[in-house]
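Undergrad: Got a predicted model here, sequence first, then my questions.
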Amino acid sequence: MEVKGVTYDPAKGVPPMTAFGAILSDEEIAGVLTYVRNTWSNKAAPVLPATVAKVREATKDRSIFWKPEELLKAHPLE
């Protein structure tokens, strides 16, 4: 992954952010996402634990990190 001209490559000993999927419950992840969505004066609806469970189920077979271009294609910025 490249960010602002700096390459972050796990193969070269630069680890990506730790995955929290197996550590946090659906309720905990929903809480973190709701907090992030409502930071900096944003007003967004809470993320529900059921939504987290749905996304976990839909992506359960994925074992690699998401690339920024994949995320932007699926969820374009407004």
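TA: Received the coordinates, thanks.
Undergrad: Run the chain-centre distance for the longest helix along the chain.
TA: Across the chain, the longest stretch assigned as helix under DSSP state H is helix 26-37. Chain-centre distance of helix 26-37: 11 Å, with CA atoms, centre = their mean, to the nearest Å.
Undergrad: would you list every one of the strands in this structure?
TA: 2-3, 6-7 (DSSP state E).
Undergrad: The ones you listed into JSON lines, with extra columns for mean pLDDT?
TA: Converted to JSON lines, the strands of the chain look like this (pLDDT from 0 to 100):
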{"stretch": "strand 2-3", "mean pLDDT": "78"}
{"stretch": "strand 6-7", "mean pLDDT": "80"}
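Undergrad: Would you convert those into CSV that also reports distance to Ala58?
TA: (Each C-beta comes from the backbone N, C-alpha and C, glycine too.) Below are the strands of the chain laid out as CSV (distance: least, CB to CB, whole Å):
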stretch, distance to Ala58
strand 2-3, 27
strand 6-7, 30
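Undergrad: For Ala44, which of the ones you listed is the nearest?
TA: Nearest to Ala44 among those is strand 2-3; the distance by CB to CB comes to 24.6 Å.
Undergrad: Can you check the pLDDT for the residue lying closest to Glu27 once chain neighbours are set aside?
TA: Distances taken as CB to CB, 6 or more residues apart in numbering put Pro49 closest to Glu27, at 4.8 Å, once the chain neighbours are dropped. For Pro49, the pLDDT comes out at 97.
Undergrad: Going along the chain, name the helices of the chain.
TA: With DSSP H as the criterion, the chain has helices spanning 26-37, 49-58, 68-74.
Undergrad: Identify, out of these, the most deeply packed stretch.
TA: helix 26-37 (a mean of 15; mean count of other CB atoms under 10 Å).
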